[in-house]
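In: Have a look; sequence and predicted model below, questions after that.
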Amino acid sequence: MVKLSILEQASIPRGTTAFDAFDEALATTKHAEEHGFHRMWFAEHHLPTVASHAPEILMGVVARETQRIRIGSGAILLNHYSPLKVAELFLQLEVVAPGRFDLGLGRATTGPLADMALRRDRDTGHLDDFDQQVQEVLAFLHRTFPGDHPFRQIQLMPSVTARPDPWILGSSGSSAGLAAGLGIGYAFAGFLNPGGAVPALQAYRKAFTPTHYGAETPQVMLSVSVFAADTDEEAHRMTWPMRAVFAYAGRAGRVPEIVSVDEASRMLTTAQRDEPSRIVNGRWPRQVAGSPETVRDQLLQMIEQTGATEIMLQSISPDQEARRYSHALVAEALGIKPDVQTAPVSAA
């Protein structure tokens, strides 16, 4: 049975604050745990419209407020950090809740100015050494530097024996081979590049080689933008705020505040509002929406085409209750059982 997880971006809808966004993210994590979800990952975005700038901090707090669900980064943007510091951060997290953390690694840009401000060395040009950085993080965590490597002398919390599960996140397919060669999990952002999901995940599965860094079999995660509601029509309407974000960001070059469904409707053209939210003629939509039965059928097609062993739901909405209801509907439709240890007990 496929695993079901959530990507949390802690968006800040218009009229709310970062404090509200974190409270909602925590409530969503607890709700996900109760409904049998496997993981909750926090994204890293350096934008004023989200409250998840430093996922590792949120992860530590949320882990202490939950019992079972795995907590991870989706992703730590390694192009901004030292591999040693990332390894230290995640070993520190293992002290908080041993054995429950995922280290999702990625690379992304926020914009020329923010990227420059995030850099420690501003006198040299951009260096794309992501592959080397990932391998260095793993070597620090697992002490696998060669015997003559100077970093082998560095010991990080030798009394901490738990290690985070490593994943590589991508949206173009360029890092599929790296994840496969290292034998670690690979998560593809289908909500950013739906057309690239099938070739990227198939390439990862084909090239996968087991190592001591990860599981013996490919860990294939597909992240999809999904909204479920009681009817196809209502679910489709609930995608409009996120469509407005993408449309506005494309025109203005920055990410706007999350607006209501009605306001999003006024911002979008008829063509943008009516863009399909299900697979049409083999083409995947950027957003999947519909009744539980419709969403289940769409996701099952995607799973069959990619061999995904896990679906990670991504969604942005000003209505957090509707978003959590969507999560519950999808879990039930895919046969995910509530966690009896964390689900609330109903009154007799």
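Out: Received, thanks.

In: What's the end-to-end length of stretch 96-111?
Out: End-to-end span of stretch 96-111 (C-alpha to C-alpha, to the nearest Å): 33 Å.

In: Can you mark which positions in it are buried?
Out: For stretch 96-111, burial by neighbour count (16 or more other C-beta atoms under 10 Å) applies to 97, 100-108, 110. Just so you know, the C-beta spots here come from the backbone N, C-alpha and C atoms, and that holds for glycine as well.

In: which residues does Ala108 contact?
Out: Taking C-beta atoms under 8 Å, 6 or more residues apart in numbering, we find Ala108 in contact with 75, 77, 79.

In: list the contacts for Lys337?
Out: Here Lys337 is in contact with Gly36 (C-beta under 8 Å, 6+ apart).

In: Kindly confirm my reading that Gly72 forms part of a strand.
Out: Yes. Secondary structure of Gly72 (DSSP: H, G, I helix; E, B strand; the rest coil): part of a strand.

In: Nearest spatial neighbour of it, chain-adjacent residues omitted?
Out: In space, and not counting its chain neighbours, Gly72 is closest to Asp102: 2.9 Å by C-beta to C-beta, 6 or more residues apart in numbering.

In: circling back: of the contacts of Ala108, closest to His38?
Out: Ala75 (17.1 Å; C-beta to C-beta).

In: I figured the closest one hits His45, correct?
Out: No. Counting by C-beta atoms under 8 Å, Ala75 does not reach His45; the two are 10.7 Å apart.

In: that older thread, what about the contacts of Ala108, which one has the most neighbours?
Out: When neighbours are taken as other C-beta atoms under 10 Å, the top entry among these is Ala75 (25 neighbours).

In: Can you tell me how far it is from Ser171?
Out: 11 Å (C-beta to C-beta, to the nearest Å).

In: Dihedrals phi and psi, Leu4?
Out: The phi/psi pair for Leu4 (degrees, to the nearest 10) reads phi -130, psi 130.

In: List the contacts of it.
Out: 36-38, 310-313, 330-331, 334, 336.

In: repeat for Val137
Out: Val137 touches 78, 83, 86-87, 103, 105, 166, counting by C-beta under 8 Å, 6+ apart.

In: what about the residue lying closest to Gly185 once chain neighbours are set aside, how many residues close to it?
Out: Spatially, and ignoring its direct neighbours in sequence, Gly185 is nearest to Gln219 (3.5 Å; C-beta to C-beta, 6+ apart). Neighbourhood size, Gln219 [other C-beta under 10 Å]: 21.

In: Please report the distance of Gln219 from Pro150.
Out: 32 Å.

In: And for Thr209?
Out: Noted for Thr209: a distance of 28 Å to Pro150, by C-beta to C-beta.

In: just to revisit the earlier point, and the buried residues of stretch 96-111, which of them are in helices?
Out: Per DSSP state H, helices hold no members of the buried residues of stretch 96-111.

In: Let me have those residues in CSV, extended by distance to Leu91 and pLDDT.
Out: Shown next, in CSV, are the buried residues of stretch 96-111 (distance: C-beta to C-beta, whole Å; pLDDT from 0 to 100):
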residue, distance to Leu91, pLDDT
Ala97, 13, 97
Arg100, 13, 98
Phe101, 10, 98
Asp102, 14, 98
Leu103, 10, 98
Gly104, 16, 98
Leu105, 15, 98
Gly106, 20, 97
Arg107, 22, 94
Ala108, 24, 89
Thr110, 27, 79
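
In: If we only consider these, which is nearest to Ser265?
Out: Closest approach between the buried residues of stretch 96-111 and Ser265, by C-beta to C-beta: Thr110, at 28.7 Å.

In: and the nearest residue to Gln320 once chain neighbours are set aside, how many neighbours?
Out: Nearest non-adjacent residue to Gln320, counting by C-beta to C-beta, 6+ apart: Glu24, 4.6 Å away. Neighbourhood size, Glu24 [other C-beta under 10 Å]: 21.

In: element containing Glu24?
Out: Element membership for Glu24, per DSSP states H and E: helix 18-34.

In: What strands line up against the next helix or strand after that helix, and which way round?
Out: Using DSSP H and E, the next helix or strand after helix 18-34 towards the C-terminus is strand 39-42. For strand 39-42, the paired strands and their directions (DSSP bridges) are strand 3-8 (parallel), strand 70-73 (parallel).

In: Comparing those, which comes out most buried?
Out: Of the strands paired with strand 39-42, the one with the most neighbours on average (mean count of other C-beta atoms under 10 Å) is strand 70-73, at a mean of 27.

In: contact partners of that strand?
Out: 5, 29, 38-44, 55-56, 59, 62-63, 97, 100-105, 164-165, 167.

In: Which neighbours in the sheet does the following helix or strand past it have, and how are they oriented?
Out: Per DSSP H and E, the first helix or strand lying C-terminal to strand 70-73 is strand 76-77. Here strand 76-77 is paired, per DSSP bridges, with strand 101-106 (parallel).

In: Residues in contact with the partner strand: which ones?
Out: 39, 41, 59, 63, 70-78, 86, 90, 93-94, 133-134, 137, 141, 164-170, 187.

In: Below-threshold pLDDT in the stretch 151-300 of the chain: ranges please.
Out: Flagging of the stretch 151-300 of the chain using pLDDT under 70 yields the residue ranges 250-254.

In: One more pass at 90, please.
Out: Residue ranges of the stretch 151-300 of the chain with pLDDT under 90: 246-257.

In: the helices in it, which residues?
Out: In the stretch 151-300 of the chain, helices defined by DSSP state H, counting those that start in this stretch lie at 176-182, 197-207, 232-237, 240-252, 261-267, 270-274, 292-306, listed in chain order.
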